[in-house]
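Novice: Everything below, folded, please.
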Amino acid sequence: MSFSDIYSTTKNPSYGFSPHATTFYRNSSLNIDDVLKDSTLHRFNQIANQDVEMQAPLEERTAFLVIDTNILLHHFDALVQFVADVESSNAPVVIVVPGAVIKELDGHKNNPELRWFASTSSTWLLKKVKERNKVRGQASAETKRKSGNWRVKAWDEDQPERLNDYLILDCCVYYATLGPRAILWSGDYNLCIDAQAENLETIENTPEARRKWSSRYLIHSIFGPGINASSFQGEQVHFNRKTIIVDGVGQTAPAGDPDAMDVDNTPNHGVVMTRFDVRDDLHRQTRNHFTVLLQDLVETVGGKEIKRHQARGETPSRYAPEWQKIRIPLSQWSASECLVYLDARKRLPVTSPRLDTFLRAPYTGAGARRGQDWSRADWQVAIRGLSKIGEDWKDEVFLESAATLDSLLEDVYEQTIEL
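Specialist: Prediction:
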């Protein structure tokens, strides 16, 4: 069965959404924008609240996949691949990010163990929501709360003790009224149980299922095993906060309780990866993250100039700056192309290895290699070069990301630990 064969289903009935055990909450508002510290997430919220007409139109058969914070932190690569596969196949799925998740993600950027993963997911979220395609944020009015604003508590409304869980469920219930289905994807057992109590669907969250979470698993979970999922990727192993790093193949993972609970009330079933494989995957994450940051910086510095030049459609002369010879949209520029433009505006730091070489995928150009093939000194030189770009352009996100990567490098090169 193809996506075009998916039949229209009846919209979910009205949900009897009841608060959990409650305590009286005296503050009358929950203004998330006032407390967000991260500029990337603040911009995400602004876009989420722009005119709904600017969002991509929804099909009647659209399934909404509402994600929890732990998915962004611990299963980010599965989410990224799923979104890419949904976009390429034009599957009728929209990924929804609740406002409460953005608030939690903002707070996790203060946690040294989570900062890198919170930063990479935040940057990706902003890029995707700006595209207005398959990822969208929850607008203030997208709620079933009495106040008509998910941030604001009505004067006669009790406030639940587990406020963020309550708000995520509220987002699910609202989107269940827009289409045939709203499905919660969360690694939090308690939240999934609460969702099921409200007649909401959830992605299966048993230990066995969690190990299988992948793009293909998700599309089968949403539309059933009969759907043609040949274009959706299967299981892959990636470096995340729960990864257990070992020195070599065959080494036993550090002893620990497999049922130990993590900060999001989920057992820690972290996969084991060798230090070399972790370096490769961290290099992939670094390339992806800083490419998006470079695109954003170039857009800030010269987006209007680039659009004007490309709109003219003129063939540049042989003496024109190299960036004028780039004809693709800025959102598709590689890290190397972004660096070419920035260097034309302000001389880039000279590093060895060169930043454009370090930020290339392995074997895609002279000197490009795997993460494990770069020495620790190479990594540190690249990080200093990225920090210098942040300093020169006064880009706080760039600076923070470089500093966070530098800190994470200590674990990848020195310690055999469970992150």
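Novice: got the residue ranges for the strands in the stretch 251-400 of the chain?
Specialist: For the stretch 251-400 of the chain, strands defined by DSSP state E, counting those that start in this stretch occupy the ranges 272-274.
Novice: what about it, any weak spots by pLDDT?
Specialist: Across the stretch 251-400 of the chain, the ranges flagged by pLDDT under 70 are 251-270.
Novice: mind listing the helices in it by residue range?
Specialist: Using DSSP state H, counting those that start in this stretch, the helices of the stretch 251-400 of the chain run over residues 275-312, 335-345, 355-358, 376-392, 396-413.
Novice: Make a markdown table out of these and add distance to residue 63 and mean neighbour count.
Specialist: Yep, even glycine has a C-beta here, placed from its N, CA and C like the rest. Output for these, formatted as a markdown table (distance: least, C-beta to C-beta, whole Å; neighbours: other C-beta atoms under 10 Å):
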| stretch | distance to residue 63 | mean neighbour count |
| --- | --- | --- |
| helix 275-312 | 26 | 18 |
| helix 335-345 | 34 | 20 |
| helix 355-358 | 40 | 22 |
| helix 376-392 | 39 | 18 |
| helix 396-413 | 33 | 18 |
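Novice: Including distance to residue 129, could those helices go into TSV?
Specialist: Shown next, in TSV, are the helices of the stretch 251-400 of the chain (distance: least, C-beta to C-beta, whole Å):
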stretch	distance to residue 129
helix 275-312	12
helix 335-345	20
helix 355-358	27
helix 376-392	23
helix 396-413	16
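Novice: how about those, which one is nearest residue 209?
Specialist: Comparing these by their distance to residue 209 (C-beta to C-beta), the top pick is helix 275-312, with 22.7 Å.
Novice: The residue most central in space within the chain: what's it in contact with?
Specialist: Geometric centre of the chain, nearest residue: residue 121, 3.1 Å, by C-alpha atoms, centre = their mean. Residues counted as contacts of residue 121 (C-beta atoms under 8 Å, 6 or more residues apart in numbering) are 72, 73, 76, 105.
Novice: just to revisit the earlier point, among the helices of the stretch 251-400 of the chain, which is nearest residue 205?
Specialist: Set against residue 205 and scored by C-beta to C-beta, those come closest in helix 275-312, at 24.3 Å.
Novice: what is the orientation angle of the closest one with helix 396-413?
Specialist: Helix 275-312 runs at 160 degrees relative to helix 396-413, counting by axes from the mean of the first three to the mean of the last three C-alpha atoms, to 10 degrees.
Novice: tell me what helix 275-312 is packed against?
Specialist: helix 115-131, strand 244-246, helix 335-345, helix 396-413 (3 or more C-beta pairs under 8 Å, 6 or more residues apart in numbering; DSSP states H and E).
Novice: I'd like those written out as a markdown table, with distance to residue 315 added.
Specialist: A markdown table is the format used below for the helices and strands packed on helix 275-312 (distance: least, C-beta to C-beta, whole Å):
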| stretch | distance to residue 315 |
| --- | --- |
| helix 115-131 | 29 |
| strand 244-246 | 51 |
| helix 335-345 | 18 |
| helix 396-413 | 33 |
